[in-house]
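[1] need the 3D shape of this:
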Amino acid sequence: MKRRLMILVMTMLTVPALLFGAAGAAAGDGVENLVVLLTDYGTSDFHVGALEGSIYSANPDARISTITHNVPAFNIAEGSFILAQAAPYYPPGAVFAADVDPGAATDERSIVLLTGDGKLFVGPDNGLFTDVMNELGVASVREITNENFTVQVNFSANFWGIGVYGPVAARLAAGMDPSEVGDEIFDPVRSEVDLARLENETLVGVVEDVDHWGNLITNIPRDLVDRADLEPGDRIEISIGGEEVEAAFGTTYADVPEGEWVAFIGSSGRLEIAINMGSAALALGVSSGSEVQVDRI
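    Numbers count the residues shown, from 1 in each chain. Okay, the predicted model is just below:
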């Protein structure tokens, strides 16, 4: 069964686009040969090495940067969040090869996204790029049907990152014109997004990501927290995963003693729930997707 690859050209409404200007909007402007990876492959076997090998075989001058290979297995939503958080820090010309795909070996399309600041994203059309599309915008889409860019030797239908995304990303990073991959289409898959809300005086949202330290990053944005009139020093009650904890609302982890609960607006611009020098995820036994409610005490 064939995978196909699309190109999404995104708008210039990002901070990087404002910094680099309209001149950086064309693919190929800015840095060259930079391929950025994000997968759920893990690092205990050969798959990451095979992916990198497929990139170097297609473009010996490639330079590889890794966001993570430890996206929780099959977790498209968390992969989408992590990718959208990291991508703005890369320069124009960077090409992202991303693979978190529970539907491997299906008729699902593969896609490439071109952002307004000149970044390309290559991966499955399964919602993995939802947050990138929502936050950066979409200008155009192309579908790849050109099989000349894929790996044919020992190709596995289970790892399209190795056979398709890596080689295509490598060629794009080397300067291949995106028009060579195929015709324009207009229906990329977008996952449903849970929107945070303020119900009376209660903040309601979900955990979008659990980071390496066990901190819980929610989808509750700064402006919604401001509307709830929370101020540093306020005491709050957090209901999550069927558990309730009392915490301080602050500005950083060290606002509370070691082992105490704290919530604040993190670097993502969203409400983060943590235990100073501890793991909130382990303490509550929760993961991404868990509902969160926050009330001032």
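[2] mind checking which helix or strand the residue nearest to residue 256 when sequence neighbours are not counted is in?
    For residue 256, ignoring the flanking residues on the chain, the nearest one in space by C-beta to C-beta, 6 or more residues apart in numbering is residue 262 at 4.5 Å. C-beta here means a position set from N, CA and C on the backbone, and glycine is covered the same way. Per DSSP states H and E, residue 262 falls inside strand 261-265.
[3] do the same with residue 56
    In this assignment (DSSP H and E), residue 56 forms part of helix 47-58.
[4] list the buried residues in that helix.
    Neighbour counts using 16 or more other C-beta atoms under 10 Å place 47-48, 50-52, 54-55, 58 of helix 47-58 among the buried residues.
[5] returning to what we had before: parallel or antiparallel, list what pairs with the strand holding residue 262.
    Here strand 261-265 is paired, per DSSP bridges, with strand 243-249 (parallel), strand 270-275 (antiparallel).
[6] and the contacts of the helix or strand just after the last one?
    Put plainly, it is strand 270-275. Beyond strand 270-275 in the direction of the C-terminus, DSSP H and E gives the next helix or strand as helix 280-284. Residues outside helix 280-284 that contact it (C-beta atoms under 8 Å, 6 or more residues apart in numbering): 210, 214-216, 240-241, 243, 245, 261, 273-275, 287.
[7] what are the bridge partners for residue 39, then?
    Applying DSSP bridges, one finds that residue 39 bridges with residue 99.
[8] need the contact list for it.
    Counting by C-beta under 8 Å, 6+ apart, residue 39 makes contact with 47-48, 51, 68-69, 71, 98-100, 161.
[9] please apply the same query to residue 120.
    Counted by C-beta under 8 Å, 6+ apart, residue 120 has contacts 7, 27, 94-96, 112-114, 169, 172-173, 178.
[10] which ones among the residues you listed are found in helices?
    169, 172-173 (DSSP state H).
[11] for the residue nearest in space to the middle of the chain, which three-state class applies?
    When C-alpha atoms, centre = their mean is applied to the chain, the residue found nearest the centroid is residue 83 (2.1 Å). With DSSP: H, G, I helix; E, B strand; the rest coil as the basis, residue 83 sits in helix.
[12] got a list of what it touches?
    Neighbouring residues of residue 83 by C-beta under 8 Å, 6+ apart: 38, 67, 96, 98, 121, 128-129, 131-132.
[13] from residue 186, how far off is it?
    Noted for residue 83: a distance of 22 Å to residue 186, by C-beta to C-beta, to the nearest Å.
[14] residue 97 too?
    From residue 97 over to residue 186 the distance is 23 Å, taken as C-beta to C-beta.
[15] those two: which has the busier surroundings?
    With neighbours defined as other C-beta atoms under 10 Å, residue 97 and residue 186 compare such that residue 97 has more, 30 against 9.
[16] quick one: contacts for that one?
    Residue 97 is in contact with 35-38, 51, 55, 122-123, 161, 165-166, 168-169, counting by C-beta under 8 Å, 6+ apart.
[17] if you skip the residues just before and after it, what's nearest to it?
    Nearest residue to residue 97 in three dimensions, chain neighbours excluded: residue 169, at 3.9 Å (C-beta to C-beta, 6+ apart).
[18] the one you found contacts residue 55, doesn't it?
    Yes - using C-beta atoms under 8 Å, residue 169 is in contact with residue 55, at 6.7 Å.
[19] who touches both of these two?
    Here residue 169 and residue 55 have 35, 97 as joint contacts, going by C-beta under 8 Å, 6+ apart.
[20] sorry, back to before: among the contacts of residue 120, which two are most distant?
    Comparing all pairs in the contacts of residue 120 by C-beta to C-beta, the longest separation belongs to 7 and 94, at 15.0 Å.
[21] on that earlier part again, for the residue nearest to the centre of the chain, give its distance to residue 56.
    22 Å.
[22] same check, this time on residue 99
    Counting by C-beta to C-beta, the gap from residue 99 to residue 56 is 17 Å.
[23] go on, residue 195?
    42 Å.
[24] what comes up buried for the next helix or strand after the helix holding residue 56?
    Moving toward the C-terminus from helix 47-58, the next helix or strand (DSSP H and E) is strand 63-68. Of the residues in strand 63-68, 64, 67-68 count as buried by neighbour count, 16+ other C-beta under 10 Å.
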